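> Need a 3D model of the sequence below.
(chains A and B)
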Amino acid sequence: MKKKSEEQIAKSKRRFYRVQIVLFGLLMLAGTVLGALWMLRPTQSEKEKRELTAFPEFTLESFLDGSFLGDISTWYADTFPLREEWISIDQSVENLYGIRSSQIIGGGNKTADEIPVIEESSQEESSADASSQEISSQEDSSQNESSQREESRHEESSREESSREEKPVIPDDPTQVQEAIQGQIQDGLFVQGDAAYSRYFFSLDSATRYIEMMNRVAQELSGETEVYSIIIPDSTQIMLDPELVAQLGGSSEEQAIDYYYGMLSDEVHTIDTFDTLYEHRDEYLYFRTDHHWTQLGAYYVYQNLAEEMGVNPHSLSDFEKVNFGDFLGTFYSTCGSEEMLAHPDFVEAYLPMGTNEMTFYTTEGEEYAWNVVRDVTDWDIYAKYSCFIGGDNPYSYIENPEIPDGSSCLLVKESFGNALAPFLVDHYQYVYIIDYRYYNENLLDFVRENAVDDLILANNVAILGSSYVAERLDLMLS
Amino acid sequence: MVFSSLLFLFAFLSLNLACYFLLGKRARNGVLLVFSLVFYAWSGPQYLLLLLLVTGISWGCGCLIAESQGEGRTGRGWLVLDCILLLGILAVFKYTGFFLENLQLLFGVPEWIPQIVLPLGISFYTFQLLSYCIDVYRKEAEAQRKYWKLLLYASLFHQCVAGPIVRYQTVAGEIEHRSVTVEDVAAGIRRFSVGLAKKSILANGCAGIAETLLPAVLGDMAGRTTLGLWVGMLFYMLQIYLDFSAYSDMAIGMGRMVGFHYLENFNYPYIARSIRDFWRRWHISLSTFFRDYVYIPMGGSRVHVFKWIRNMLVVWFLTGMWHGASWNYILWGLYFCLFLMLERPLRKIRWPGILKHVYTLVVVFFGWVLFRFEDMGVLMAVIGGMFGGGLSLYNADVLWTLWNNIFFLAAALIACTPLGKNLRVWRYEKTEGRGRIARGMQLIDTITPVILIFFSACALVGNSYNPFLYFQF
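Modelled structure (predicted):
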């Protein structure tokens, strides 16, 4: 009797085993078929803002050393059909790993230089050479941008990463500059609820180079062109409570901006940013899912700029306001937070009054007629910040027919300046815009050739901390 | 190609299994061999030649040993030749750079050190082929007359690149003849899926956390905290077990699916009660290799105490060196040797069980510190930092990291214990396979593999997620 029942048990077990094998077979078949559907493979990712790995080109050499076949593995995984769907499942799983109300994403091991205190006596003398200042500072202990920045999550490439270099190499390639800047901002992101905040690490070396560059520019252009410096803080220290900011570590952006401004010569007009923005911190000054400021944030700084220039700023109500709808920015791409997805940002823009026409040139030298504020309502949700001045291009200009007096300004900027540019339109006949990351000509030559009245450098303080950026700015004078 | 990649899972393995089961019994070894060679060639076709050559040497020597045995002759000469050639090739590829670097450090010559790329899996297949010849010499295995069958043994993609080190005698019979039962296939699938999930979800996750918390170069030390180093090392300790044992799980599972029964390679090493116990549970195929082919032939422990110490030092020097051509691995081997020697006279004392576990885990933990850092400067800085060493105790980052991954940590810790296995065994024993609970368990067994593989695949796609943020199209 018992024996029979044991046979039955074995039989029932085998039935389960068969089901198990069939299920496994079906899953493997489904995966294999899906993987083989060549035409479903994506080639680029909007969310990650990058081209996905391309199928490698065959050469005998790359075949023999294994890199061809290895690249096929990377290509196969990187362009797997429906990858965004799989990734979001994976990210939902990862959200269960712990209590993630506050979170640090990536890196987070940078150290800051101490921000020097400017001594009163030396401030008087401060003019051309900032490095000769008597400043109390600590040595640059470790600046590891290069090692931490590419948290490449590819298995293969992470192994190669073990050969990290300590000193960053200065790249010529603009995409490398972009990557470096990205690292500067995205390293050790603090995520809380539906918002993320970057952390700031002061670098004395980068600061000194910016200061020297600015002072030299002001000296060279003295009497010809007015020079303005705008250093824009990140959302973190404006929007978060100071107590939490202290916990996050890093350097004070307020002190850093004070240091930058304090070290600039009297010939450079400095525009207050921190205090003004802090006063308005209950307004929508910064995106929660992106590292940029909103155009409203830029407006308050524009008011200060106008005041310093001695002109009347236009009031916000003078401009036509447009809303381009939901926006998910770089912070969302980094952390994939579900709360951000459920509660995205929105992009509002103010149309310049004189004209909305502009021209920009791409890195390849192609010319485009565009809009100062482009209607991007139908654009991808990740691309909405590109509504301003056509995004980042090496060189653009705007001619305002309403002010035919020959006046001109040159805005030298990275992407933070994009939101500021539309406000300049209604004060000049010509607004020239240079993105120093991609522009390869001499800045002073440009200013002189075009008889520019006002030179405005608008930069984010964290981006200025990148040694790559300092290098790029140096290059503009050579 | 690595097991934990989408290409392996959804192109290589699925095709391999399809061909294996669809093409009929006679083609099975052929299918395995072709797929194994493709798998091996994937990491660099030129090294396939080396594998073919080394297998050829062992095949020739194996046949010659068998031929020359009998009438008082042992064929020892051929065995010696095989060992010299195989170990020589291993030494050239793996240790030339290390040897010359040390020479340069001591004498300043040579000025130029060649950069030799380590061929994939050479440490594993060399040892497998050595064991083959030794077993033939000892008459524990018959010589394999067919070259391609020995090549199948050496190159079989299940174990060729990351172990376990399968002995020829374990699979000799199954290479010639094996039958696959439904139980085998089902058990193989379960084992493989557990291994895949362990690797792609748990081990990769631990690796990511360890990497953010531990320094890679000396300049990285600034801004570290004492707690961060400890937590980072904890995740590394979990990673290294989960990673390595996952490869063995997958190898054993894939073998089982096609009728091979490889021996276990890990037996929950982190629950060991002594270092001796640990090494009986950790990378079992390697420690038994050294035990059977080095330690015991030299006399083992049944010799004068000085000889025993010598034997121990040799075995553990070699064990350390096998793991990598760098002093920290040798140090790591000798570190365990020291504790093994200290344990021997203390074995008779009865310690409380908990103390044994704590002692073992602490020793193993610091062993992994030695193992992790090839650069002596970083190693010293980390050890210093773990005991204060001028670092701050903790910072918000470390607390957040810990908090953000607290459940994950718990899951990884549980995965290192036999808790799941015991629960399952206990359930089955209690029900004796009858009743609702047994059927419920079977149902869980039935669907778990596909769930694990599904989430592993998602994690593998997720690994390719690499936002490049400033880029504009």
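> give me the number of residues near A:V469?
When neighbours are defined as other CB atoms under 10 Å in any protein chain shown, A:V469 has 24 of them. C-beta here means a position set from N, CA and C on the backbone, and glycine is covered the same way.
> try B:P352
By the criterion of other CB under 10 Å, B:P352 has 8 neighbours.
> B:T401 now?
Neighbours of B:T401 using other CB under 10 Å come to 22.
> Repeat that for A:S317.
A:S317 has 8 nearby residues by other CB under 10 Å.
> Contacts only, for it.
Applying CB atoms under 8 Å, 6 or more residues apart in numbering or on different chains to A:S317 gives no contacts.
> Please report how far it lies from chain B.
From A:S317 across to chain B, the span is 32 Å (CB to the nearest CB, to the nearest Å).
> Doesn't that residue belong to a helix?
Yes. Residue state for A:S317 (DSSP: H, G, I helix; E, B strand; the rest coil) corresponds to a helix.
> Next one, pLDDT for it please.
Here, the pLDDT recorded for A:S317 equals 93.
> likewise B:P110?
On the pLDDT scale, B:P110 gets 79.
> Equivalent analysis for the one 10 residues further on, please.
With respect to pLDDT, B:L120 scores 84.
> Contacts only, for the nearest residue to it once chain neighbours are set aside.
Closest residue to B:L120 apart from its sequence neighbours, by CB to CB, 6 or more residues apart in numbering or on different chains: B:S43 at 4.4 Å. Contacts here follow CB under 8 Å, 6+ apart; on that basis B:S43 touches A:G66, A:L69, A:G70, B:M1, B:L120, B:V161.
> nearest to B:I89, of those residues?
Nearest to B:I89, judged by CB to CB, of the contacts of B:S43 is B:L120 at 14.2 Å.
> three-state assignment of A:A369?
Per three-state DSSP, A:A369 ends up strand.
> and it, how many neighbours does it have?
Neighbours of A:A369 (other CB under 10 Å): 9.
> again, but for A:Y261
Close neighbours of A:Y261, defined as other CB under 10 Å, add up to 19.
> coming back round to it: out of the contacts of B:S43, who's nearest A:W370?
A:G70 (41.5 Å).
> Next, check the contacts of B:S43 against the helices and list the overlap.
Applying DSSP state H to the contacts of B:S43, the entries found in helices are A:L69, A:G70.
> and the contacts of B:S43 as a markdown table, adding distance to B:R281?
Putting the contacts of B:S43 into a markdown table (distance: CB to CB, whole Å) gives the following:
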| residue | distance to B:R281 |
| --- | --- |
| A:G66 | 35 |
| A:L69 | 36 |
| A:G70 | 34 |
| B:M1 | 29 |
| B:L120 | 27 |
| B:V161 | 23 |
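> So A:Q247 belongs to a helix, correct?
Yes. Under three-state DSSP, A:Q247 sits within a helix.
> Quick check: it vs chain B, distance?
According to CB to the nearest CB, A:Q247 and chain B sit 5 Å apart.
> Now render the contacts of B:S43 as a markdown table, adding neighbour count and distance to B:Q69.
Shown next, in a markdown table, are the contacts of B:S43 (neighbours: other CB atoms under 10 Å in any protein chain shown; distance: CB to CB, whole Å):
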| residue | neighbour count | distance to B:Q69 |
| --- | --- | --- |
| A:G66 | 18 | 41 |
| A:L69 | 19 | 43 |
| A:G70 | 17 | 44 |
| B:M1 | 22 | 40 |
| B:L120 | 23 | 34 |
| B:V161 | 22 | 33 |
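> Would you mind checking which of the contacts of B:S43 is nearest to A:S407?
Closest approach to A:S407 among the contacts of B:S43 (CB to CB): A:G70, at 57.8 Å.
> Tell me the confidence at that closest one?
A:G70 is assigned 86 on the pLDDT scale.
> As a check, name the ranges of all helices in the stretch 351-473 of chain B.
B:353-372, B:376-386, B:396-404, B:406-415, B:419-431, B:435-463 (DSSP state H, counting those that start in this stretch).
> ranking those helices by mean pLDDT, which is last?
Among those, helix B:419-431 carries the lowest mean pLDDT, a mean of 80.
> packing partners for that helix?
Packing partners of helix B:419-431 (3 or more CB pairs under 8 Å, 6 or more residues apart in numbering or on different chains; DSSP states H and E): helix B:435-463.
> List the buried residues for the helix it packs on?
Judged by neighbour count (16 or more other CB atoms under 10 Å in any protein chain shown), helix B:435-463 contains these buried residues: B:438, B:441-442, B:445-446, B:448-450, B:452-463.
> And stretch B:280-299, by the same measure?
Neighbour-count burial for stretch B:280-299 flags B:281-293, B:295 (criterion: 16+ other CB under 10 Å).
> Check stretch B:148-162 too.
Applying 16+ other CB under 10 Å to stretch B:148-162 flags B:149-162 as buried.
> give me every residue that touches B:A459.
Listed by CB under 8 Å, 6+ apart, the contact partners of B:A459 are A:D90, A:V93, B:S200, B:I201, B:N204.
> Would you check that the fourth one makes contact with B:F455?
Just to be clear, that refers to B:I201. Yes. With contact defined as CB atoms under 8 Å, B:I201 counts as touching B:F455 (6.5 Å).
> hmm, back to that, in CSV, list the helices of the stretch 351-473 of chain B along with distance to A:D234.
Converted to CSV, the helices of the stretch 351-473 of chain B look like this (distance: least, CB to CB, whole Å):
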stretch, distance to A:D234
helix B:353-372, 35
helix B:376-386, 30
helix B:396-404, 17
helix B:406-415, 29
helix B:419-431, 46
helix B:435-463, 28
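> The residue nearest to B:L120 - that's part of a strand, no?
No. Applying three-state DSSP, one finds B:S43 to be coil, outside a strand.
> Report the helix or strand with the lowest average pLDDT across chain A.
helix A:145-149 (a mean of 33; mean pLDDT, DSSP states H and E).
> Which phi and psi values does A:E366 adopt?
phi -80, psi 140 (degrees, to the nearest 10).
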